[in-house]
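A.B. asks: Got a predicted model here, sequence first, then my questions.
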Amino acid sequence: MAKVAREMVEMTGVDVDELIELLVTNAAAELTTYYYYTILRANLIGLDGETIKEIAETARIEDRNHFEAIIPRIYELGGKLPESMVDFHNMSACPPASLPKKANDVQALLKVLVEAERCAVRGYTHVCNLTAGKDHRTYDLAQSILNEEIEHESWFSEFLGEGPSGHFLRRGDTSPFVSKFLK
């Protein structure tokens, strides 16, 4: 644990235990979403499914990257991950992005994807609001993840016909905002 880092955050009035809990539950959401997106992506078949498979894959990989980026901050603040994967899954900040009953219904798959992203946007907005001007490192991390989650939501909402987002599929590297935390 980075003892002084925790002390500095505590001195700003942030409840560090609450913050750690938020980070752990968001990390659980990222890892479980990575898992469920793997299943969803495998079921994106046919002409309609193939049109969104690449975007779903980018979101899936970036969610894994978000998980990897959050872990060091949890431990820096004196937190840890649960020893049980079942417990970790069950504490996820977001509900499982489970395969819909009709696995070949692309619109239903898209609704699962967009709702997962909307939950993530809410979660990281909350972390940003809690840490803004108080815990610069966690704020920077949460804001970086938030930027990518907003793009994910925009991609999927466009496919649902909710309107244009102005965002485009990334070419090249994934996680342009979070990659600085993965080095």
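C.D. replies: Everything's here; your move. All of these numbers come straight from a predicted model, not from anything done at the bench. Numbers count the residues shown, from 1 in each chain.

A.B. asks: Off-centre distance for stretch 121-132?
C.D. replies: In terms of Cα atoms, centre = their mean, to the nearest Å, the centre of stretch 121-132 is set 12 Å apart from its chain centre.

A.B. asks: do stretch 157-172 as well
C.D. replies: Worked out by Cα atoms, centre = their mean, stretch 157-172 lies 18 Å from the chain centre.

A.B. asks: First-to-last residue distance for that stretch?
C.D. replies: End-to-end distance for stretch 157-172: 23 Å, by Cα to Cα, to the nearest Å.

A.B. asks: The residue nearest to residue 135 when sequence neighbours are not counted: what secondary structure?
C.D. replies: Once flanking residues are discounted, residue 135 sits nearest to residue 9: 4.5 Å by Cβ to Cβ, 6 or more residues apart in numbering. The way it works is simple: take the backbone N, C-alpha and C, and place the C-beta from them, glycine included. At residue 9 the chain is in helix, as set by DSSP: H, G, I helix; E, B strand; the rest coil.

A.B. asks: Make 14 the starting number, not 1.
C.D. replies: Let's use 14 as the start, then, which means that last one is residue 22.

A.B. asks: State the number of residues packed around residue 22.
C.D. replies: Close neighbours of residue 22, defined as other Cβ atoms under 10 Å, add up to 22.

A.B. asks: residues contacting it?
C.D. replies: Residues in contact with residue 22 (Cβ atoms under 8 Å, 6 or more residues apart in numbering) are 29, 32, 90, 144, 147, 148, 151.
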